[in-house]
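1. what would the 3D arrangement of this be:
(one chain, ligands or ions: 1)
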Amino acid sequence: MTFSKRLAAFATTLSLVASTGAAGQTVQMVVQAGDPKLQISKHIYGHFAEHLGRCIYGGFWVDEKLDVPKQGRIRMDVVEALRKIKVPNLRWPGGCFADTYHWRDGVGPTAQRPKMLNMWWGNNLEDNSFGTHEFLELCSLLGTEPYLAANVGSGTVQEMASWMEYLNSNDDTPLVLERRKNGHSEPYKVSWWGIGNESWGCGGNMTAQYYTDVYKRYATFAHSYPASPPLKKIVSGANGDDANWTETCMKNIPLNQMWGLTLHQYTLPTGSWSGSKGSATNFDEAQYFNTLKNCLKMEAVVTKHAAIMNKYDKDKKVALLVDEWGVWTDVEPGTNPGFLYQQNSLRDALVAGTTLNIFNNHCDRVRGANLAQAVNVLQAVILTDKEKMLLTPTYHVFDLYQVHQDSQYLPLQFTSPDYAVGSDKIPALNASASKDAKGAVHISLVNLDPHKMLKLETALAGVSWKNVTGRILTSGKINDYNTFDKPNTVKLASFAGAKKRGDKLAVELPPKSVVMLELK
Ligand code: AHR
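-> Residues are numbered from 1 along each chain as shown. I've put the predicted structure just below:
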């Protein structure tokens with residue numbers, strides 16, 4: 001080595017020492033080539049709209065007199081915002097509500113529809129003005145796949161079978177004639193059908209053994225009509241890490257009778273369903289840390305259920321659908337406790353980015369997921385207040401991550417530094433990557449550490465690229481959030497912290513941030 005080269009190497013070492021002194025070691029990351037056939041299903045980016053609080057009534061479906069753009073009573077500013085993040089599927093009518101819902105009460109002339117009490121959510125009196133046709137019109141405006149949950153808990157096999165015939169057949173049966181009379185001559189072609197919801201709880205408090213028998217009975221009469229695509233029958237799955245539920249479903253239900261199996265896993269800031277779950281915006285660093293630690297449990301939960309499924313379904317034919325996930329906090333002070341209305345801070349965005357990275361990294365089995373819920377409920381992407389509307393930090397994560405939808409999965413290798421609070425620690429960094437149809441590589445990076453910037457040096461196997469650009473979501477404080485008066489406190493910005501250095505990508509990832517990089 002010549003003197004000048006030695007000097008240059010010494011200078012590099014010095015600058016590395018200087019930078020690692022401030023920000024810790026540089027994380028070495030490798031983006032692998034992966035399997036060209038393995039895609040991140042777009043359905044991982046699905047949403048959920050239950051008859052709960054102000055999600056449907058007052059959210060998607062508003063008063064005729066409300067001064068906002070509308071199609072009929074569907075709120076179009078909400079639709080436009082959701083169209084921008086490409087909602088691949090929308091689950092409806094619940095949730096717990098689904099097992100009390102009788103679809104016939106929500107079709108035909110609105111004035112003649114019976115009212116009903118929403119027994120799960122605040123005993124609200126609903127007029128059934130938003131029913132099947134209205135939901136499917138909403139889906140068509142959103143350009144999204146409808147995902148219906150059939151009533152198994154308090155309904156009948158006949159009721160579910162009739163709903164399928166009403167929607168999907170094109171023969172002149174009385175139900176099809178009724179659909180045509182109600183304004184839709186063509187079949188709706190709804191293929192995603194959940195057979196019950198949380199059948200271990202609000203869906204009927206069944207044992208796993210009993211539910212699998214019930215499921216098979218319902219699935220037998222869930223008929224695919226020639227005028228519509230074959231049904232995707234979805235088994236109501238486990239609560240969190242309940243391995244027995246998944247094992248029993250996989251053992252008892254023949255693989256050809258199920259397209260998917262679900263899982264519900266929420267992030268509770270305190271980790272407990274009893275007592276206060278914690279505030280959505282008023283929290284300290286210890287509560288922030290616990291929330292993220294609880295969110296990271298999704299990795300172990302998905303791994304556990306996937307391993308059970310692998311025993312019975314080696315070819316991974318059955319999709320694991322995490323069709324309810326998200327942060328569940330206390331409701332906003334002064335709001336109806338049954339309406340589950342909560343604010344949404346930068347912490348929620350970090351949970352969303354982390355959870356979506358976990359799903360992407362399990363895309364061989366996780367082929368669908370639904371954030372709970374789309375508007376005004378739990379970890380919503382949109383909040384409304386009469387004619388006002390805001391996009392939450394979580395919305396911006398879905399905006400960033402839409403590039404992963406149906407892209408080729410690229411596995412990542414790295415060891416994350418720790419983020420420690422007291423004697424406890426979690427990995428500070430999580431990430432996932434994909435390559436889109438045009439060959440652009442996208443890497444989503446989340447730094448959970450609220451204090452330390454992370455330095456990354458990334459090698460990409462088998463990818464040639466010239467430029468890197470990026471966008472970032474971060475804010476001054478971990479509990480910053482958007483209000484109707486200040487809707488842009490937490491917003492996306494362009495990111496200049498990534499550079500090409502030789503063949504490698506060098507990134508300086510700010511604390512408490514979600515970043516999406518694009519390499520072309
Ligand atoms: O998303 C709110 C509720 O959480 C759903 O209705 C139910 O399925 C779950 O317990």
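2. from E165, how far off is the residue in the stretch 301-450 of the chain that the ligand sits nearest to?
-> Going by CB to the nearest ligand atom, the ligand is nearest to A372 of the stretch 301-450 of the chain, at 4.1 Å. Placement of C-beta: from N, CA and C, glycine included. Applying CB to CB, to the nearest Å, the value for A372 to E165 is 30 Å.
3. kindly state the beta-bridge partners for Q28.
-> E457 (DSSP bridges).
4. how many neighbours does it have?
-> 13 (other CB atoms under 10 Å).
5. these two touch, right, it and P417?
-> No - Q28 lies out of contact with P417 (CB atoms under 8 Å); the separation is 11.5 Å.
6. A372 and E165: which has the busier surroundings?
-> A372 (25 against 18).
7. that one and Y266 touch, don't they?
-> Yes - when contacts are counted by CB under 8 Å, A372 is listed as touching Y266 (7.3 Å).
8. residue of the protein with the smallest distance to the ligand?
-> Counting by CB to the nearest ligand atom, the chain gets nearest the ligand through G95, at 2.7 Å.
9. so what's the nearest residue to that residue once chain neighbours are set aside up against?
-> Nearest non-adjacent residue to G95, counting by CB to CB, 6 or more residues apart in numbering: E50, 3.7 Å away. By CB atoms under 8 Å, 6 or more residues apart in numbering, E50 lies in contact with 56, 91-98, 121, 372-373, 377.
10. and what of T329?
-> P269, K277, G278, S279, A280, Q342.
11. the fourth one: neighbour count?
-> Yep, that's S279 we're talking about. Residues lying near S279 (other CB under 10 Å) number 18.
12. secondary structure element for the closest residue to it other than its chain neighbours?
-> Closest residue in space to S279, ignoring its immediate chain neighbours: D330 at 5.7 Å, by CB to CB, 6+ apart. Counting by DSSP states H and E, there is no helix or strand that carries D330.
13. D330 touches N282, doesn't it?
-> No - using CB under 8 Å, D330 makes no contact with N282, being 9.5 Å away.
14. who's more crowded, these two?
-> Each of D330 and N282 has its neighbours counted (other CB under 10 Å); D330 has more, 18 against 13.
15. now do the contacts for that one.
-> When contacts are counted by CB under 8 Å, 6+ apart, D330 touches S276, K277, G278, S279, A280, Q342.
16. how about those in a markdown table, adding pLDDT and secondary structure?
-> Converted to a markdown table, the contacts of D330 look like this (pLDDT from 0 to 100; DSSP: H, G, I helix; E, B strand; the rest coil):
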| residue | pLDDT | secondary structure |
| --- | --- | --- |
| S276 | 95 | coil |
| K277 | 96 | coil |
| G278 | 96 | coil |
| S279 | 97 | coil |
| A280 | 98 | coil |
| Q342 | 98 | coil |
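17. pLDDT score for the residue of the chain closest to the ligand?
-> Model confidence at G95, given as pLDDT, is 98.
18. can you tell me the SS state at the residue nearest to G95?
-> coil (DSSP: H, G, I helix; E, B strand; the rest coil).
19. tell me the phi and psi of the residue of the chain closest to the ligand?
-> Backbone torsions of G95, given as degrees, to the nearest 10, read phi 70, psi 180.
20. now the most centrally placed residue in the chain, which residues is it bridged with?
-> Nearest to the mean C-alpha position of the chain, by CA atoms, centre = their mean, lies L371 at 3.3 Å. Judged by DSSP bridges, the bridge partners of L371 are H47, W325.
21. ok, it to A150 distance?
-> The gap separating L371 from A150 is 21 Å, by CB to CB.
22. so L517 sits in a strand?
-> Yes - under three-state DSSP, L517 sits within a strand.
23. hang on, isn't it packed against L509?
-> No - the pair L517 / L509 is not scored as a contact, 9.9 Å apart, by CB under 8 Å.
24. so what sits against both of the two?
-> With CB under 8 Å, 6+ apart as the test, L517 and L509 both reach L445.
25. looking at the two, which is more packed in?
-> Higher neighbour count among L517 and L509: L509, with 28 against 24, using other CB under 10 Å.
26. which residues does the nearest residue to G53 once chain neighbours are set aside contact?
-> Excluding the flanking residues, the one nearest G53 by CB to CB, 6+ apart is F339, at 3.0 Å. Contacts for F339 (CB under 8 Å, 6+ apart) come out as L52, G53, R54, W121, G122, V331, N376, V377.
27. now, of those residues, which are buried?
-> Buried by 16 or more other CB atoms under 10 Å: L52, G53, R54, W121, V331, N376, V377, out of those.
28. want to throw the residues you listed into CSV with secondary structure and pLDDT?
-> Converted to CSV, the buried ones among the contacts of F339 look like this (DSSP: H, G, I helix; E, B strand; the rest coil; pLDDT from 0 to 100):
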residue, secondary structure, pLDDT
L52, coil, 98
G53, coil, 98
R54, coil, 98
W121, coil, 97
V331, coil, 98
N376, coil, 98
V377, coil, 98
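29. show me where the stretch 351-500 of the chain has helices.
-> According to DSSP state H, counting those that start in this stretch, the stretch 351-500 of the chain carries its helices in the segments 393-401.
30. interface residues of it facing the ligand?
-> Of all the residues in the stretch 351-500 of the chain, those in contact range of the ligand (CB under 6 Å from any ligand atom) are A372, Q373, L378.
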